[in-house]
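Novice: Turn this into a structure:
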Amino acid sequence: MVNIAITGKGIISAIGNNTQEVLQSLKGKCSGIGEMRYLESVHHELPVGEVKLTNDEMKTIMDIPEEKEVSRTTLMGMIAVRQAIQDARINGNANRNVNRNERITFINGTTVGGMDVTEKWFNSFAESDEHIGCLKSHDCGSCTQDIAAASGIFTDCTTVSTACSSAANAIILGARLLKAGMADIVVAGGTEALSRFHLNGFNSLMILDQERCRPFDDTRAGLNLGEGAAYIVMETEEHARKRHADINAFLTGYGNACDAYHQTASSDNGEGAYRAMSEALAMACLDIKDIDYVNAHGTGTPNNDLSESMALKRTNCNAPISSTKAFTGHATSAAGAIEAVICLLAMRHHFIPANICWKNKMTDGIIPCMGKENVTLRHVLSNSFGFGGNDSALIFSQESVSAGLPAGDLSSTDDNKVIVAHKVEINNEEQLADIKRYVKPIEARRMGKIMKSSLLSSLQVLEKAGISTPDAIITATAMGSLEYSENLLHQLTEEGETTLKPTWFMQSTHNTIGSNIAIWTKCHGYNTTYSHGTQSLEWAMRDAELLLRSGKVKNVLVGLHDETTAEYRSLMERLDVPSSPASHSVAMILSTGKGFQRERERER
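Specialist: Purely as a prediction, here's the structure:
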């Protein structure tokens with residue numbers, strides 16, 4: 001049995017550039033949301049939660065030459081990671097008993113990646129090669145690798161991209177790697193910068209408030225976007241005590257479930273949220289009455305706050321609940337880690353953050369806490385919910401659970417040897433005609449090519465395996481919907497910041513692929529997406545193997561789904577960077593050898 005200790009933390013957000021500043025803002029009830037100062041957008045009517053530093057100021061902090069172009073997402077990530085490893089004393093001269101040969105893994109959650117730089121120069125690509133090099137750092141995986149390289153301590157890294165639950169799922173993966181003995185120390189969290197691309201994308205969904213957001217308030221009208229980065233350092237309790245590390249808290253439970261309901265909306269009863277929280281409680285061997293505080297996802301949208309309220313009520317939660325997004329704004333992929341650090345600060349300093357801006361009780365909603373001091377928080381639950389119903393929950397505790405987190409049977413035997421039981425590939429557009437066997441024409445017309453090919457290959461491989469609903473879905477995609485991302489960039493360039501096409505934006509998020517498959521197959525199980533360049537599939541397969549050998553699932557639907565465009569290939573040729581000549585989708589059913597045979601026999 002393994003206990004996961006948290007030994008360091010770092011944060012940069014709208015309410016502070018380090019843990020001390022964030023703590024002061026929380027206790028002083030000072031919001032960081034206001035009129036935009038750093039993002040160059042016409043939408044000054046939309047309040048945002050910006051980090052109060054220019055890119056040049058962040059470069060100075062990281063000793064990066066001013067003339068070097070670096071994404072804001074990457075810069076914030078570098079700063080927060082540096083803080084976390086310094087806090088844990090695993091860097092440079094402050095190294096506290098860390099062996100040079102130890103495996104230190106970096107797991108980053110992001111969706112925007114280098115979009116802020118790409119959108120800045122996109123209009124110039126057709127005429128000049130001067131700034132085209134920024135595309136080498138556009139994708140999420142490149143962002144992660146640049147952050148990892150800046151610290152110089154990591155032996156491995158990967159990128160999780162499940163929209164607004166990305167950072168929480170990065171933390172979950174980190175804990176699972178530690179339990180499996182596949183890492184000695186993990187730094188996990190997320191980073192996300194504001195960009196015109198996703199500001200206008202969210203605006204196209206009509207879910208942004210022109211006033212400061214009011215989570216769980218009857219007058220709530222939407223969210224305020226934010227930005228920032230945060231990471232926590234995790235290691236087993238045994239490892240932490242051996243090197244005499246300062247243990248902040250323990251990650252005693254976590255849950256990952258899929259709402260399998262809609263690409264952007266949550267179900268009325270909060271099924272995915274309820275499942276994620278229930279799974280986290282079961283893992284921590286806790287009852288809901290043991291939870292002393294819930295840090296809610298609480299975005300301020302009419303849909304989320306009602307759905308989350310329903311899910312919390314289904315758990316019979318009576319603990320104080322608050323959302324901190326009226327402080328920080330919704331930092332999307334980084335939100336889960338920012339709020340994890342906030343929870344750790346609340347536990348250590350004995351207070352409950354206020355649900356500022358709340359005044360009016362919403363119908364059928366929870367009544368949030370307006371802040372408390374001098375409280376003991378033994379167990380804290382933190383929720384993070386993403387587009388497509390990628391819902392995750394984390395439980396932090398002051399003490400380790402006596403039983404610890406089960407490591408599972410990770411040895412390879414005939415019974416649990418992981419195999420690719422079935423496989424389907426789609427490599428050309430002609431094959432997409434078969435989508436009509438499964439999807440109505442009106443529904444197919446709403447899907448981009450990658451959505452069609454990923455869904456078709458998945459449905460075909462499930463049919464081949466005789467499985468209607470997989471136990472888990474793990475997606476690998478380096479770039480997601482490249483076609484729709486290009487369309488949105490062209491629309492921004494040619495039409496300005498008018499209302500973008502919401503369908504394009506919804507499908508541009510990397511996890512839309514896996515969540516769409518979950519919706520069609522009614523899969524409420526584990527669901528995650530890896531976006532780490534050419535290593536995306538390797539990490540997806542590694543994750544599937546961990547799941548299967550733990551005995552938690554009997555089968556996993558793993559997919560590698562990427563597409564290319566003529567424009568992208570042309571740009572890569574000008575950079576002398578190899579790119580795939582064609583779009584492709586590969587869907588596989590992974591299972592354990594004999595376990596899969598027994599499952600098929602029972603189905604017969």
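Novice: got any ranges where the stretch 501-604 of the chain has weak pLDDT?
Specialist: Low-confidence segments of the stretch 501-604 of the chain (pLDDT under 70): 581, 594-604.
Novice: Where does pLDDT dip in the chain?
Specialist: In the chain, residues with pLDDT under 70: 91-99, 402-415, 581, 594-604.
Novice: Apply 50 and report the result again.
Specialist: 93-94, 404-405, 408-409, 599, 602-604 (pLDDT under 50).
Novice: Please give me every residue in contact with the spatially most central residue of the chain.
Specialist: By C-alpha atoms, centre = their mean, the mean C-alpha position of the chain lies nearest to Ser166, the distance being 0.4 Å. By C-beta atoms under 8 Å, 6 or more residues apart in numbering, the contact set of Ser166 is 109-111, 160, 190, 332-334, 336, 386. In this view, the C-beta of every residue, glycine as well, is placed from N, C-alpha and C.
Novice: now the strands for the stretch 401-550 of the chain?
Specialist: Ranges of strands in the stretch 401-550 of the chain, per DSSP state E, counting those that start in this stretch, are 418-426, 472-476, 526-530.
Novice: same deal with the stretch 101-250 of the chain?
Specialist: Taking DSSP E, counting those that start in this stretch as the test, the strands found in the stretch 101-250 of the chain are 104-109, 156-160, 185-192, 228-236, 249-258.
Novice: Share the number of residues neighbouring Ser468, please.
Specialist: Close neighbours of Ser468, defined as other C-beta atoms under 10 Å, add up to 12.
Novice: cool, Glu40 as well?
Specialist: The burial count for Glu40: 9, using other C-beta under 10 Å.
Novice: related to what we said a few turns ago, out of the strands of the stretch 401-550 of the chain, deepest packed?
Specialist: For these, average neighbour numbers computed from mean count of other C-beta atoms under 10 Å are highest in strand 526-530, which has a mean of 29.
Novice: Just the angle for it relative to strand 472-476, thanks.
Specialist: On the basis of axes from the mean of the first three to the mean of the last three C-alpha atoms, to 10 degrees, strand 526-530 is oriented at 10 degrees to strand 472-476.
Novice: So which of the contacts of Ser166 is the closest to Leu178?
Specialist: Nearest to Leu178 among the contacts of Ser166, counting by C-beta to C-beta, is Val160 at 15.6 Å.
Novice: doesn't Thr529 make contact with the closest one?
Specialist: Yes. Between Val160 and Thr529 there is a contact under C-beta atoms under 8 Å: 7.0 Å.
Novice: Just want the phi and psi numbers for Ala183.
Specialist: Phi and psi for Ala183, reported as degrees, to the nearest 10, are phi -160, psi 150.
Novice: What of Gln24?
Specialist: Backbone torsions of Gln24, given as degrees, to the nearest 10, read phi -60, psi -40.
Novice: Helices of the stretch 151-300 of the chain, start to end?
Specialist: 166-179, 196-204, 237-242, 271-283 (DSSP state H, counting those that start in this stretch).
Novice: helices or strands next to the third one in the packing?
Specialist: Counting contacts by 3 or more C-beta pairs under 8 Å, 6 or more residues apart in numbering; DSSP states H and E, the secondary-structure elements packed against helix 237-242 are strand 4-13.
Novice: now the angle from the strand it packs on to strand 228-236?
Specialist: Here strand 4-13 runs at an angle of 170 degrees relative to strand 228-236 (the same axes, to 10 degrees).
Novice: burial of the nearest residue to Ile519 once chain neighbours are set aside, as a residue count?
Specialist: With C-beta to C-beta, 6 or more residues apart in numbering as the criterion, Ile519 has its nearest non-adjacent residue at 5.2 Å, and that residue is Ala260. Ala260 has 25 neighbours, counted by other C-beta under 10 Å.
Novice: so who does Ala260 touch?
Specialist: 271-272, 389, 515, 518-519, 521-524.
Novice: Deepest in the core, which of the helices of the stretch 151-300 of the chain is it.
Specialist: Note that of the helices of the stretch 151-300 of the chain, helix 166-179 is the most buried (mean count of other C-beta under 10 Å), with a mean of 29.
Novice: can you pull the alpha-carbon coordinates of that helix into CSV?
Specialist: Below are the C-alpha coordinates for helix 166-179, written out as CSV (Å, rounded to 0.1, in the frame of the first residue of the first chain):
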residue,chain,number,x,y,z
SER,A,166,-6.3,18.9,-17.3
ALA,A,167,-4.3,19.9,-14.3
ALA,A,168,-6.4,17.7,-12.0
ASN,A,169,-5.9,14.7,-14.3
ALA,A,170,-2.2,15.5,-14.5
ILE,A,171,-2.1,15.2,-10.7
ILE,A,172,-4.0,11.9,-10.8
LEU,A,173,-1.6,10.4,-13.3
GLY,A,174,1.3,11.5,-11.2
ALA,A,175,-0.1,9.6,-8.2
ARG,A,176,-0.7,6.5,-10.3
LEU,A,177,2.9,6.5,-11.6
LEU,A,178,4.2,6.8,-8.0
LYS,A,179,2.0,3.9,-6.9
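Novice: Quick check: Arg504 touching Asn487?
Specialist: Small correction: residue 504 is Trp, not Arg. Yes. Judged on C-beta under 8 Å, Trp504 makes contact with Asn487 at a distance of 5.3 Å.
Novice: Tell me, how many residues neighbour Arg445?
Specialist: Using other C-beta under 10 Å as the criterion, the residues surrounding Arg445 number 10.
Novice: Asn304 is nearest to which of the strands of the stretch 401-550 of the chain?
Specialist: The nearest among the strands of the stretch 401-550 of the chain, by C-beta to C-beta, is strand 526-530 at 18.0 Å.
Novice: so what secondary structure elements neighbour the closest one?
Specialist: Short answer (3+ C-beta pairs under 8 Å, 6+ apart): strand 526-530 packs on strand 156-160, strand 249-258, strand 390-397, strand 472-476, helix 512-521, helix 536-550.
Novice: okay, these in a markdown table with distance to Leu345 next?
Specialist: Listed next are the helices and strands packed on strand 526-530 as a markdown table, based on distance: least, C-beta to C-beta, whole Å:
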| stretch | distance to Leu345 |
| --- | --- |
| strand 156-160 | 23 |
| strand 249-258 | 10 |
| strand 390-397 | 11 |
| strand 472-476 | 32 |
| helix 512-521 | 31 |
| helix 536-550 | 30 |
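Novice: among those, which is the most enclosed?
Specialist: Ranked by average neighbour count under the criterion mean count of other C-beta under 10 Å, the helices and strands packed on strand 526-530 are headed by strand 390-397 at a mean of 30.
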